[in-house]
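Asker: heads up, no residue letters with this:
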Ligand code: ATP
Ligand code: MG
């Protein structure tokens, strides 16, 4: 492509709301433009990168016998009502009404559509297993669209779905897909990690997210410093009691299974704590460590109140609470509801004497002696609180978020944290959708059975920006060759100069003839502008034909390392070819 004819609108200044580097770079280097919040046009350079990403994805999906289809973005409400997701998806779903008053959604995902399709078209075990996939535009009315392509409201997703006869089949499909994802992200040249993710009601480890490690990532990953355990913090298990410390040893174990602290129980006492707002203030006023405070967080679980107890130095993990209760919605209760239930404001709630609210507690709470908690009266707390003696808990469990330094559930070494961008997600759906929509097949004996499904997504538009977030320097983007919009950036310093132009045109023709994708900067621009743009755009190899061409020399530059080499012109083509073989 001749750059003089290409639409590559590089720019110096980017809008102030472009906060993250990758977003700024994609705007500056002329890859994308915003139409509305979270809605983008992919300009020619971005389109080329997307095409390469899609090609890798297609090859790996086809290699596991995935078949590509395209499903509609416009989806009737009835289908979503049948699975309950018309309501569950909530405001995230873009809804619209047609001229006849019928309700539709712009698909945020396609489980409903594909399950209905396979239900209607596949009736026999002979047609299973089946893997179908598409690369298609998705719509989600994100609460906070931001970071450019990382969280859009309209974005490109590869979504695949597997259909199997039984658990073993689903297991095979799942791991085939997992391995395909590993190959896809390896081929793209990304530094990534597969982490265990929340599997909701299905449970187990059959749910992995593929994370690009980057500081701007909105997900936090806990990973082990010694073994290969890695999990989204939403899911990461907290081991209690800590590995290597047997429960009950040296202290009485209560019904939480936790090791009690060695301290003689003190009497329960109600004390004045005027104006206390936070756990830290409460601890300071009472002269206790925050680990001796029992924090009470009130939720509505499908509308029913429940209070979750965790230690003051811990945080409630809402995903774990939701899974343990088996509910669809979990939301924090507001102040008026808390007052109606407990007779006190949020900072002064506690489990003592509570009758009509379900009380669940993290294991660590069960091990506390002489702790402090709210007295269900404004400006009052209890001290000398002992679980079991002073209040009972309906259910103990792992209800807190892991913290950096907690022990690895596999090997006991300390866990570290890192931020990640979720670029892919594989998970087992089981029979959730096949049951709701009646996707059944007849087995060898003529019995009707529900299909077992898996769902597998890749954020195609998100992943290309995640790569930029990971691979850039102060001058611009550094594309891994597998995703680069062009293989070579050929720059002629002065087009008006006959020798330069002549040599450059010769190289351009020869490289195109080899089948390489070449961006040929034949613009009438100053050399400085051309070099700046080339570094910004980030093509792996630059070939510069300048004044030295008179002496029969041209320059090659490797974008990633900034390494420059002068090569004599007659052999230049061979050198470039050799470098490209190494790079591409
Ligand atoms: P997130 O937690 O980031 O909102 P998700 O878990 O809801 O994502 P999935 O339903 O698993 O997303 O969708 C599959 C993939 O689609 C994700 O792994 C991600 O790469 C991509 N994706 C999801 N939401 C967006 C978005 N708003 N913009 C761009 N890509 C997205
Ligand atoms: Mg996900």
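Answerer: Perfect, thanks for sending it. No experiment lies behind these values; they were computed from the predicted model shown. Numbering: from 1, shown residues only. Ligands and ions are numbered 1, 2, ... in the order given.
Asker: Let me know whether my guess that residue 23 is in a strand holds.
Answerer: No: counting by DSSP: H, G, I helix; E, B strand; the rest coil, residue 23 falls outside a strand, being helix.
Asker: The stretch 101-250 of the chain against ligand 1: which residues are in contact?
Answerer: 109, 140, 142, 151, 152, 155, 157 (C-beta under 6 Å from any ligand atom). All C-beta spots, glycine's among them, are computed from the backbone N, C-alpha and C.
Asker: now the residue in the stretch 301-450 of the chain that ligand 1 sits nearest to, what's its secondary structure?
Answerer: Minimum separation of the stretch 301-450 of the chain from ligand 1 (C-beta to the nearest ligand atom) falls at residue 425, amounting to 3.6 Å. Secondary structure assignment for residue 425 (three-state DSSP): strand.
Asker: Would you quantify the distance from it to residue 68?
Answerer: Distance of residue 425 to residue 68, computed by C-beta to C-beta, to the nearest Å: 19 Å.
Asker: So for those two, which sits in the more crowded spot?
Answerer: Between residue 425 and residue 68, counting by other C-beta atoms under 10 Å, residue 425 is the more crowded of the two (18 against 14).
Asker: hey, what's that one bridged with?
Answerer: residue 209, residue 457 (DSSP bridges).
Asker: and it, what pLDDT?
Answerer: You'll see residue 425 listed with a pLDDT of 97.
Asker: Next: the one 5 residues further on.
Answerer: Listed pLDDT for residue 430 reads 94.
Asker: ditto for residue 584
Answerer: Residue-level pLDDT assigned to residue 584 equals 74.
Asker: again with residue 245
Answerer: At residue 245, pLDDT is 45.
Asker: Kindly report the same for residue 16.
Answerer: The model's pLDDT for residue 16 equals 85.
Asker: Just say helix, strand or coil for residue 91.
Answerer: helix.
Asker: Remind me which helix or strand the closest residue to it other than its chain neighbours belongs to.
Answerer: Among residues not flanking residue 91 along the chain, residue 141 sits closest, at 6.1 Å (C-beta to C-beta, 6 or more residues apart in numbering). Using DSSP states H and E, residue 141 sits in no helix or strand.
Asker: Burial check on residue 141, number of neighbours?
Answerer: Using other C-beta under 10 Å: residue 141 sits among 17 other residues.
Asker: Surely it and residue 92 touch.
Answerer: Yes: contact criterion C-beta atoms under 8 Å: residue 141 and residue 92 qualify, at 5.8 Å.
Asker: in this structure, which helix has the most residues?
Answerer: helix 167-188 (DSSP state H).
Asker: what's it packed up against?
Answerer: The helices and strands touching helix 167-188, judged by 3 or more C-beta pairs under 8 Å, 6 or more residues apart in numbering; DSSP states H and E, are helix 44-63, strand 154-164, strand 192-196, strand 207-213, strand 415-430, strand 452-459.
Asker: Now do the longest one: distance to the chain's middle.
Answerer: Distance, stretch centre to chain centre, for helix 44-63: 20 Å (C-alpha atoms, centre = their mean, to the nearest Å).
Asker: buried residues in it?
Answerer: 45, 46, 48, 49, 50, 52, 53, 56, 57, 58, 60, 61 (16 or more other C-beta atoms under 10 Å).
Asker: CSV for the residues you listed, including distance to residue 129 and pLDDT?
Answerer: CSV is the format used below for those (distance: C-beta to C-beta, whole Å; pLDDT from 0 to 100):
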residue, distance to residue 129, pLDDT
45, 39, 98
46, 35, 98
48, 34, 98
49, 32, 98
50, 29, 98
52, 29, 98
53, 26, 98
56, 23, 98
57, 20, 98
58, 19, 98
60, 17, 98
61, 14, 98
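Asker: just these that are near ligand 1?
Answerer: Answer for the buried residues of helix 44-63 near ligand 1: none qualify (C-beta under 6 Å from any ligand atom).
Asker: can you redo the residues you listed as CSV with distance to residue 550?
Answerer: Conversion of these to CSV gives the following (distance: C-beta to C-beta, whole Å):
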residue, distance to residue 550
45, 32
46, 37
48, 34
49, 36
50, 41
52, 37
53, 41
56, 42
57, 46
58, 46
60, 48
61, 51
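Asker: In the stretch 351-500 of the chain, what residue lies closest to ligand 1?
Answerer: residue 459 (2.3 Å).
Asker: Correct me if wrong: that residue contacts residue 423.
Answerer: Yes: using C-beta under 8 Å, residue 459 is in contact with residue 423, at 5.4 Å.
Asker: Which residue of the two possesses the greater neighbour count?
Answerer: Higher neighbour count among residue 459 and residue 423: residue 423, with 27 against 24, using other C-beta under 10 Å.
Asker: measure that one to residue 114 for me?
Answerer: 21 Å.
Asker: Check residue 374 too.
Answerer: Residue 374 is 49 Å from residue 114, by C-beta to C-beta.
Asker: and these two? which has more neighbours close in?
Answerer: More crowded of residue 374 and residue 114, by other C-beta under 10 Å: residue 374, with 27 against 24.
Asker: Might you report the residue contacts of the more buried one?
Answerer: Counting by C-beta atoms under 8 Å, 6 or more residues apart in numbering, residue 374 touches 296, 342, 344, 347, 348, 349, 350, 380, 381, 382.
Asker: and what of residue 88?
Answerer: residue 328.
Asker: what about 10 Å?
Answerer: 80, 328, 329 (C-beta atoms under 10 Å, 6 or more residues apart in numbering).
Asker: Residues of this structure that sit close to ligand 1?
Answerer: Going by C-beta under 6 Å from any ligand atom, the residues of the chain near ligand 1 are 109, 140, 142, 151-152, 155, 157, 422-425, 457, 459, 461-462.
Asker: Separate out the buried members of those.
Answerer: 109, 140, 142, 151-152, 155, 157, 422-425, 457, 459, 461-462.
Asker: farthest-separated two in those residues?
Answerer: Maximum pairwise distance among these (C-beta to C-beta): 18.3 Å, between 142 and 424.
Asker: about what we covered before: surely the residue of the stretch 301-450 of the chain closest to ligand 1 and residue 209 touch.
Answerer: Yes: with contact defined as C-beta atoms under 10 Å, residue 425 reaches residue 209; the gap is 5.1 Å.
Asker: can you tell me the helix or strand for residue 572?
Answerer: helix 569-583.
Asker: Not counting its own residues, what contacts that helix?
Answerer: Here helix 569-583 has contacts from 480-482, 484, 487-488, 490, 499, 503, 506-507, 510-511, 514, 516, 540-541, 543, 545, 548-556, 558-560, 565-568, using C-beta under 10 Å, 6+ apart.
Asker: let's see 8 Å
Answerer: Applying C-beta under 8 Å, 6+ apart, the set of residues contacting helix 569-583 is 481, 487-488, 503, 507, 510-511, 514, 516, 540-541, 543, 549, 552-554, 556, 558, 565, 567.
Asker: Identify the bridge partners of the residue in the stretch 101-250 of the chain that ligand 1 sits nearest to.
Answerer: Taking C-beta to the nearest ligand atom, ligand 1 has its nearest neighbour within the stretch 101-250 of the chain at residue 155, 3.7 Å off. Taking DSSP bridges as the rule, residue 155 bridges to residue 138.
Asker: What residues does it make contact with?
Answerer: Residue 155 sits in contact with 137, 138, 140, 149, 459, 460, 461, 462, where contact means C-beta under 8 Å, 6+ apart.
Asker: Would you reformat these as CSV and include distance to residue 105 and pLDDT?
Answerer: As requested, the contacts of residue 155 are arranged in CSV below (distance: C-beta to C-beta, whole Å; pLDDT from 0 to 100):
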residue, distance to residue 105, pLDDT
137, 13, 98
138, 11, 98
140, 10, 97
149, 22, 98
459, 19, 98
460, 21, 98
461, 20, 98
462, 21, 98
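Asker: Please report the distance of the most centrally placed residue in the chain from residue 210.
Answerer: Centroid check for the chain by C-alpha atoms, centre = their mean gives residue 422 as the closest residue, at 2.1 Å. As judged by C-beta to C-beta, residue 422 and residue 210 stand 7 Å apart.
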